[in-house]
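Chemist: Here is a sequence together with a model predicted from it:
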Amino acid sequence: MKSNFSKDFFDFKLFKRILRYINPYRFIFYLSALFSISLALFSILRPIIIEYTIDNYIIGKNKELLLKFIIILFILLILESIFQFLFIYSANWISQSVIKDIRQKLFDKILSFRLKYFNQNPIGSLVTRTVSDIETISEIFSQGVLVILSDLFKILIIIIWMINRDIKLTLISLSVFPILILSTKFFQKLMKIAFEEERYAISRLNAFLQEHISGMKIVQIFSREKQEFKKFKQLNKNFKNSTIQAIWYFSIFLPIIEIISALSLSLMVWYGGINILKDGQITPGLMVSFILLINMLFRPVRNLSDRINILQRGVVASRRVFKIIDLKYQIKSTDNLNLKNFRGNIEFSDLTFSYNKNEIVLSNISFKVNQGEKLAIVGETGSGKSTIINLLLRFYEFSSGKILLDNQDIRKFSQSSIRKNFALVLQEIFLFSDTILNNIILDSKITSDEVIRASKEIGLFNFINDFPGGFEYNVGERGVMLSSGQRQLISFLRAYVINPKVIILDEATSSIDSNTEDLIQKALKKITDGKTTIIIAHRLSTVKDVDKILVLEKGKIVECGNHEDLIKSDSVYKKIFNSQIFNI
């Protein structure tokens, strides 16, 4: 599958949008532009001084003045080096400042997306856009815009000076320029398409690597190493081929520029040589000066093609980045109110939800949980249990019906204020590659003293202190240095310390380390005490003491009651319970 590529030679509208990010750094940008123009002037002064020196002091054999002009030329080179340093530093400073801003804006946008986006798009592709594509955009500023400005100014000054010195020699030297312009336009169009294919290929490669490194356990369990390596080889080959294609066009283009440059130089030497021999209208100094100027003219022209390639790459990369920035994937609240003084009353009223138009996941769901009550939601896999939690936490927008928090529509409140009142403990606990303490303090308002006090209250202080370094123990990526039970205990403390109004245990009791089961049960009892609690579990033996049980089947509530009531009747709940107890 290939991406859709624009046929436009260059997207100036998109390029203009990129340049807007310079606004906060305009002063440095203008300063850098001044340095680049100064560099162009310094470089052009060299052949002018050399022409004057040859015609007046070398041919005239004036040694004293010759030494004077050599010193002037040396000073000129020193000044040029200083301005070159200032230009390189300022251009790269702007580049890094701009990509910092773009990367922050991109990541801020990604943080606001609904879960649906992450379910539909490879994580590796997002990583490519956040790192690789933005790094490519940075070259627009460090090697593109300002350098092109300098090169264009240099070309203009050289042509003006050459015309001023000898218009005929200039016209002969520049007679090949139409061929150069046509060649440049033709190859730039080809290279733009090649660059788009290259960015698409690296995005797919990164997505594959991200997915398979994360799922390496499954790959190895099912002995899929050879098959997955075969897929990787193909993606890697596609990336190589797309890159080689871009290099191929560029490799042809550069020699063509050299041939055109050589042709221009040959015509100029032929015409100039004849005139030197014929009537001396063209001096040796002017001839040397024109040779230097032609080389200087074609160098920025040759570089200009490379700089335009950089702009093309940057614009292609920016299109991919801005495509994400412009996405409307957020869930919006109607009033964006702050959920204050929430007591913990939750009600679902005739709620219907579907991930897509063809498949309804929840149908006319209605139930109520009062402050401090414990509700268990049970049902077979795919019945909609986790979807209820996702809707309650505003990860998805529901199709119809209502969710009420203390009798107020949930859509009135901002997502952040809703989630501050909820704590979620999952079966698969996610921990960052950081210390135990930092994995608990996810709310910046919480202090380390509060964490220590909370750990003592739920009986986990000694458990954590037993690790080397205690709370400063690094759990590794995704918490790999801990057992599943230990990770669960950390997540309990993380939930408890924020003092939420509602505790949600999503499959939390179905993966318990036998060595820490007693700690888990005590901590679980403590963190749910007096809190509105919603438990989702397949192991029904863990939910016998809750106030209310909802039984879901194919997205509908088929039964509701407590354990004693449901177990007495010939219910779906009883069948599931007996099948687990007696393993039948």
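Modeler: Alright, I've got the coordinates.
Chemist: For G344, give me its contacts.
Modeler: G344 is in contact with V369, N370, Q371, G372, D406, N421, K501, V502, K531, T532, counting by Cβ atoms under 8 Å, 6 or more residues apart in numbering. Glycine gets a C-beta too; all of them are placed from N, C-alpha and C.
Chemist: what ranges do the helices span in the stretch 201-350 of the chain?
Modeler: 216-221, 225-278, 284-325 (DSSP state H, counting those that start in this stretch).
Chemist: Could you figure out how far the last one is turned away from helix 225-278?
Modeler: Put simply, helix 284-325 runs at 150 degrees to helix 225-278, going by axes from the mean of the first three to the mean of the last three Cα atoms, to 10 degrees.
Chemist: Distance from the chain centre to helix 284-325, please.
Modeler: The chain centre lies 28 Å from the centre of helix 284-325; the measure is Cα atoms, centre = their mean, to the nearest Å.
Chemist: what's the answer for stretch 163-171, then?
Modeler: 52 Å.
Chemist: returning to that earlier point: just the buried members of the contacts of G344?
Modeler: Buried members of the contacts of G344, scored by 16 or more other Cβ atoms under 10 Å, are V369, G372, N421, K501, V502, K531, T532.
Chemist: Out of the residues you listed, which sit inside strands?
Modeler: V369, V502, T532 (DSSP state E).
Chemist: Can you point out the helix or strand that includes T387?
Modeler: Assigned by DSSP states H and E, T387 belongs to helix 385-392.
Chemist: Restricting to C-alpha, output that helix in CSV.
Modeler: What follows is helix 385-392, C-alpha atoms only, in CSV (Å, rounded to 0.1, in the frame of the first residue of the first chain):
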residue,chain,number,x,y,z
LYS,A,385,-17.7,-4.2,30.8
SER,A,386,-14.5,-2.2,30.1
THR,A,387,-16.5,0.0,27.7
ILE,A,388,-18.6,1.3,30.6
ILE,A,389,-15.4,2.3,32.4
ASN,A,390,-14.0,4.0,29.2
LEU,A,391,-17.2,6.0,28.8
LEU,A,392,-17.3,7.0,32.5
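Chemist: Tell me the confidence at the nearest residue to L311 once chain neighbours are set aside?
Modeler: Using Cβ to Cβ, 6 or more residues apart in numbering and skipping residues adjacent in sequence, the residue nearest L311 is G144, 4.9 Å away. Note for G144: predicted pLDDT of 74.
Chemist: So G144 belongs to a helix, correct?
Modeler: Yes: counting by DSSP: H, G, I helix; E, B strand; the rest coil, G144 is located in a helix.
Chemist: what sits against the spatially most central residue of the chain?
Modeler: Centroid-nearest residue in the chain, with Cα atoms, centre = their mean: T130, separated by 1.5 Å. The contact partners of T130, taken as Cβ under 8 Å, 6+ apart, are R103, L106, F107, I110.
Chemist: do the same with R313
Modeler: Taking Cβ under 8 Å, 6+ apart as the test, what R313 contacts is T136, E139, F195, R199.
Chemist: I282 touches K168, doesn't it?
Modeler: No: using Cβ atoms under 8 Å, I282 is not in contact with K168, being 9.3 Å away.
Chemist: Which of those two has more residues huddled nearby?
Modeler: I282 (21 against 13; other Cβ atoms under 10 Å).
Chemist: Could you report the distance from the more buried one to I274?
Modeler: Counting by Cβ to Cβ, to the nearest Å, the separation of I282 from I274 is 9 Å.
Chemist: need the helix or strand of this protein with the lowest average pLDDT.
Modeler: Lowest on mean pLDDT, DSSP states H and E among the helices and strands of the chain sits helix 216-221, with a mean of 68.
Chemist: you'd agree K402 is in a helix?
Modeler: No: with three-state DSSP as the criterion, K402 is strand rather than part of a helix.
Chemist: ok, how many other residues are close to the nearest residue to it once chain neighbours are set aside?
Modeler: Nearest-residue entry for K402: S349, 4.4 Å, with adjacent residues in sequence omitted and distances by Cβ to Cβ, 6+ apart. When counting by other Cβ under 10 Å, one arrives at 14 neighbours for S349.
Chemist: How about I325?
Modeler: Counted with other Cβ under 10 Å, I325 comes out at 15.
Chemist: correct me, but it touches Q104?
Modeler: No: applying Cβ under 8 Å as the test, I325 and Q104 come out as separate, 11.1 Å apart.
Chemist: What mean pLDDT does the helix or strand hosting I82 get?
Modeler: Applying DSSP H and E as the criterion places I82 in helix 63-111. Mean pLDDT, helix 63-111: 84.
Chemist: Now do the helix or strand just after that helix: distance to the chain's middle.
Modeler: Next in sequence after helix 63-111, counting helices and strands by DSSP H and E, comes helix 115-120. Mean C-alpha position of helix 115-120 versus that of the full chain (Cα atoms, centre = their mean) differs by 15 Å.
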